[in-house]
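A.B. asks: Prediction below, plus the sequence it came from.
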Amino acid sequence: MPGFGARLADAVSRRGPLCLGIDPHPEILRAWGLPVNPDGLAAFCESCVRAYADFAVVKPQVAFFESYGSAGYVVLERTIAALRDAGVLVLADAKRGDIGSTMAAYAVAWAGESPLAADAVTASPYLGFGSLQPLLDTAAAHDRGVFVLAATSNPEGASVQRAETCGRSVAQSIVDQAAAVNRASGPGPGFVGVVVGATLTEVPDVSELGGPVLVPGVGAQGGQPDALLGLGGAVAGQLLPAVSREVLRAGPDVASLRAAGERMRETVAYLAV
């Protein structure tokens with residue numbers, strides 16, 4: 001199987017540079033007329049799978065499944081499987097980060113052979129980038145991807161991410177270390193991406209990353225698609241804007257949901273050129 005970087009590049013070239021979020025927030029379930037329980041969660045996800053089957057990447061937000069306990073994980077496993085059966089790359093937004101054997105166990109769950117394993121997973125490097133090594137090794141061995149948090153849009157993040165060390169910001173250090181992993185992995189698109197918020201005014205330089213940049217916050221959170229072009233020195237095809245609520249508001253009708261996603265895909269299509 002081709003590496004994640006190559007699979008992502010191919011999917012984006014065929015289906016457009018857009019990552020659609022499955023965020024079953026209780027307020028959205030209620031707005032769709034669904035019960036806030038595992039049955040409502042399952043119905044919500046079934047509609048999203050039907051609507052998003054022709055898109056490149058879909059990102060389930062793990063927290064909204066985890067809140068239902070084991071029943072929520074059952075729905076998540078089924079959703080991941082259904083999306084992958086439809087040819088969609090699945091990015092599990094789990095934001096895992098730990099050390100040693102614990103990080104290794106998370107790696108097996110999200111990037112190994114478990115039913116939860118997706119095409120890629122988000123991870124937090126703020127126990128030190130080196131703490132992610134078990135996840136990076138497991139992802140590489142299974143041709144999966146890892147998106148490492150670099151510069152997030154929450155106000156609290158700036159105190160850590162913008163702090164300087166050795167003459168560069170912590171966020172830039174994260175990007176540079178991800179770039180080193182991609183260079184070491186050989187030619188072609190790298191399997192390690194970073195996460196950079198769409199609403200930020202100061203962003204790290206990603207021009208040497210050699211991998212994708214996930215850009216959450218477009219739409220409902222205030223990020224403007226037109227401001228993405230060249231973000232952080234990104235080259236054509238490198239940015240992957242992530243949209244959730246802006247599209248989910250069009251539900252629960254599957255056709256309306258799909259149409260909202262298609263409109264957003266057309267809006268950001270220039271990023272792949």
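C.D. replies: Yep, it's here.
A.B. asks: Now do the strands in the stretch 51-200 of the chain.
C.D. replies: 57-60, 89-96, 120-123, 145-151, 164-165, 168-169, 192-196 (DSSP state E, counting those that start in this stretch).
A.B. asks: in stretch 18-29, what counts as buried?
C.D. replies: Neighbour-count burial for stretch 18-29, counted by 16 or more other Cβ atoms under 10 Å, picks out Leu18, Cys19, Leu20, Gly21, Ile22, Asp23, Pro24, His25, Ile28, Leu29. No exception for glycine: its C-beta is placed from N, CA and C like everyone else's.
A.B. asks: Next: stretch 95-113.
C.D. replies: 95-98, 103-104, 106-112.
A.B. asks: So which of these belong to helices?
C.D. replies: When DSSP state H is applied, the buried residues of stretch 95-113 are split such that Met103, Ala104, Tyr106, Ala107, Val108, Ala109, Trp110, Ala111 fall in helices.
A.B. asks: Tell me the spatial nearest neighbour of the third one, not counting adjacent residues.
C.D. replies: Using Cβ to Cβ, 6 or more residues apart in numbering and skipping residues adjacent in sequence, the residue nearest Tyr106 is Arg96, 4.4 Å away.
A.B. asks: Give the bridge partners for the one you found, please.
C.D. replies: Ala123 (DSSP bridges).
A.B. asks: need the contact list for it.
C.D. replies: Met103, Tyr106, Trp110, Val121, Thr122, Ala123, Ser124, Leu135 (Cβ atoms under 8 Å, 6 or more residues apart in numbering).
A.B. asks: That one and Leu8: what is the separation?
C.D. replies: 20 Å (Cβ to Cβ, to the nearest Å).
A.B. asks: on that earlier part again, ok, so of the contacts of Arg96, who is nearest Ala86?
C.D. replies: Val121 (19.3 Å; Cβ to Cβ).
A.B. asks: roughly how far apart are the residue positioned nearest the centre of the chain and Ser101?
C.D. replies: Taking Cα atoms, centre = their mean, the centroid of the chain lies closest to Leu91, which sits 4.9 Å from it. Taking Cβ to Cβ as the measure, Leu91 falls 25 Å from Ser101.
A.B. asks: for Ala141, same thing?
C.D. replies: 17 Å.
A.B. asks: residue ranges of the helices in the stretch 151-273 of the chain, please?
C.D. replies: Assigned by DSSP state H, counting those that start in this stretch, the helices in the stretch 151-273 of the chain fall at 158-161, 170-184, 245-248, 254-267.
A.B. asks: Output these as JSON lines; include the columns mean pLDDT and distance to Leu229.
C.D. replies: Listed next are the helices of the stretch 151-273 of the chain as JSON lines, based on pLDDT from 0 to 100; distance: least, Cβ to Cβ, whole Å:
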{"stretch": "helix 158-161", "mean pLDDT": "89", "distance to Leu229": "23"}
{"stretch": "helix 170-184", "mean pLDDT": "97", "distance to Leu229": "19"}
{"stretch": "helix 245-248", "mean pLDDT": "94", "distance to Leu229": "19"}
{"stretch": "helix 254-267", "mean pLDDT": "96", "distance to Leu229": "12"}
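A.B. asks: and of the ones you listed, who's closest to Ala71?
C.D. replies: Comparing these by Cβ to Cβ, helix 245-248 comes nearest, at 21.3 Å.
A.B. asks: If anything else comes up later, I'll come back, but that's it for now.
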